[in-house]
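**Q** next come a sequence and a model predicted from it.
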Amino acid sequence: MKCFKVYFCLIIVALFLIVVKHFNKPLETLNSTSELTVRPFVAINQKKSLNNKSKKLELIKYTHPTNKSSDNSLFNIKDKHNFQGITFFKNHFYCGFDVGNGHGKIVKYDRFGEEIFETKSMVVGHCADLGYRTKTNNIYIANGGGHNLARVYVVDYTKSSILSTLNYNSLGTSALLAIDNVHDYLILHTVINRGDNGNPTFTIINLANMHVINTFNISTKGTPQGLETDGKNIYLYTNNKITVLDYKGSIITTYYIHKTGESEGITIALENEIPFLAIGYNSPNRIYALRGLKRFPFHNIKVLNNKNTKPHRNKLHA
């Protein structure tokens, strides 16, 4: 009996020592599993630290901007001057305004509509259309207007300086332009018979030597409001309508938009590396994104995977 009591006591002591040893373990060892489960998650595209709140908010705002409505408006333009044309480069929109008396100006906006920079007033006529030439970082401005003989102004917008004036008076009026940054071409829209509503002529010019590559005519598509190119196709913007043509003048497709106000300017822009067409309107001044073209394969790929060149009608909602 005495031996049994001794063994029993030894067992009690051993159990006590095991319990004490367990509860004396460091706290971080006991919590190692929970520490792994609560470790903060860092998004793959968020390369900077979690403390960089502005970067994180910018990414969210870019995807779901607070001023973006369900009708795909990008932003309202605060400037109340006569909005005429737009172009886009490196996440910024450049908007042209007619400020009166044959003068115009350019205002640079970020993709949320915040003003970044404004040029001084320059003698550029109606300031009807803008194109950004990436080779020189200059902006080309078409004077435009149904009564103004065609001129193109090459502008250093950072200095509000006109570097040169290209005289295309012989081509008529209603000048619009687009810069093909794939081939370094200038594409010019004019109406030889004067006025805005005549049959337009398109002139494709090699900016390297100023030689004319091609010219063609099409029937009128309405009052000309903007011109753009993706390096293969041309986008003619008239009131509430976009006509897409190739570099030989064949019409590929036509899009119809229904918005209030007058159509003003068209450009190809990028959002999260996805190209889309941006179009302008006035009353009030604003810019829309054509989300119906979100999957549009710009730059030398057939328009909307259209396998034939037969024109077709396509309703587009901005």
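**A** Happy to help now that I have it.
**Q** burial count for the nearest residue to residue 183 once chain neighbours are set aside?
**A** Of all residues beyond its chain neighbours, the one nearest residue 183 is residue 231 (6.5 Å), with distances taken as C-beta to C-beta, 6 or more residues apart in numbering. For glycine as for every other residue, the C-beta is placed from the backbone atoms N, C-alpha and C. Counted with other C-beta atoms under 10 Å, residues neighbouring residue 231 total 14.
**Q** just checking, residue 231 touches residue 179?
**A** No: using C-beta atoms under 8 Å, residue 231 is not in contact with residue 179, being 10.2 Å away.
**Q** got the buried residues for the helix or strand hosting residue 107?
**A** According to DSSP states H and E, residue 107 maps onto strand 103-110. For strand 103-110, a neighbour-count test (16 or more other C-beta atoms under 10 Å) marks 103, 104, 105, 106, 107, 108, 109 as buried.
**Q** without its sequence neighbours, what residue ends up closest to the second one?
**A** Taking C-beta to C-beta, 6+ apart, and ignoring the residues beside it in sequence, residue 104 has residue 127 as its nearest neighbour in space, at 2.9 Å.
**Q** ok, the last one next?
**A** Setting aside the residues directly before and after it, residue 109 is nearest to residue 93 in space (C-beta to C-beta, 6+ apart), at 4.7 Å.
**Q** check contacts around the one you found.
**A** Contacts for residue 93 (C-beta atoms under 8 Å, 6 or more residues apart in numbering) come out as 86, 87, 108, 109, 110, 111, 267, 269, 278, 287.
**Q** of those, grab the buried ones for ChimeraX.
**A** With 16+ other C-beta under 10 Å as the criterion, this ChimeraX line picks the buried residues out of the contacts of residue 93:
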select :86,87,108,109,111,267,269,278,287
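**Q** pick the one among the contacts of residue 93 closest to residue 196.
**A** Nearest to residue 196 among the contacts of residue 93 is residue 86, at 18.9 Å by C-beta to C-beta.
**Q** next one: phi and psi at the closest one?
**A** The phi and psi values for residue 86, taken as degrees, to the nearest 10, are phi -140, psi 150.
**Q** report the beta-bridge partners for it.
**A** Per DSSP bridges, the residues bridged to residue 86 are residue 95.
**Q** how close does it sit to residue 265?
**A** 4 Å (C-beta to C-beta, to the nearest Å).
**Q** residues shared between the contacts of those two?
**A** Residues touching both residue 86 and residue 265 comprise 95, 96, 130, 226, 280, with contact defined as C-beta under 8 Å, 6+ apart.
**Q** can you name the two of those residues that are farthest apart?
**A** Across the shared contacts of residue 86 and residue 265 (C-beta to C-beta), the longest gap, 11.7 Å, separates 95 and 226.
**Q** find the residues that touch each one of these two.
**A** Residues touching both residue 95 and residue 226 (C-beta under 8 Å, 6+ apart) are 85, 86, 265, 280.
**Q** who are the packing partners of the helix or strand harbouring the last one?
**A** Secondary structure assignment for residue 280, by DSSP H and E: strand 274-281. With contacts taken as 3 or more C-beta pairs under 8 Å, 6 or more residues apart in numbering; DSSP states H and E, strand 274-281 sits against strand 82-89, strand 224-229, strand 263-271, strand 286-289.
**Q** who does the first one touch, helix- and strand-wise?
**A** The reference is to strand 82-89. Strand 82-89 packs on strand 92-100, strand 129-133, strand 138-142, strand 263-271, strand 274-281, going by 3+ C-beta pairs under 8 Å, 6+ apart.
**Q** out of these, flag the one nearest residue 198.
**A** So among the helices and strands packed on strand 82-89, strand 138-142 is nearest, using C-beta to C-beta, at 16.3 Å.
**Q** partners of that closest one, with directions?
**A** Strand 138-142 has these strand partners (DSSP bridges): strand 129-133 (antiparallel), strand 151-156 (antiparallel).
**Q** mean neighbour count, those strands: which tops it?
**A** Of all those, strand 129-133 carries the top mean neighbour count, a mean of 25, counting by mean count of other C-beta atoms under 10 Å.
**Q** what sits up against that one?
**A** Outside strand 129-133, the residues touching it (C-beta under 8 Å, 6+ apart) are 84-89, 94-96, 106, 139-142, 144, 175-179, 181, 184, 186, 207, 226-227, 265, 267.
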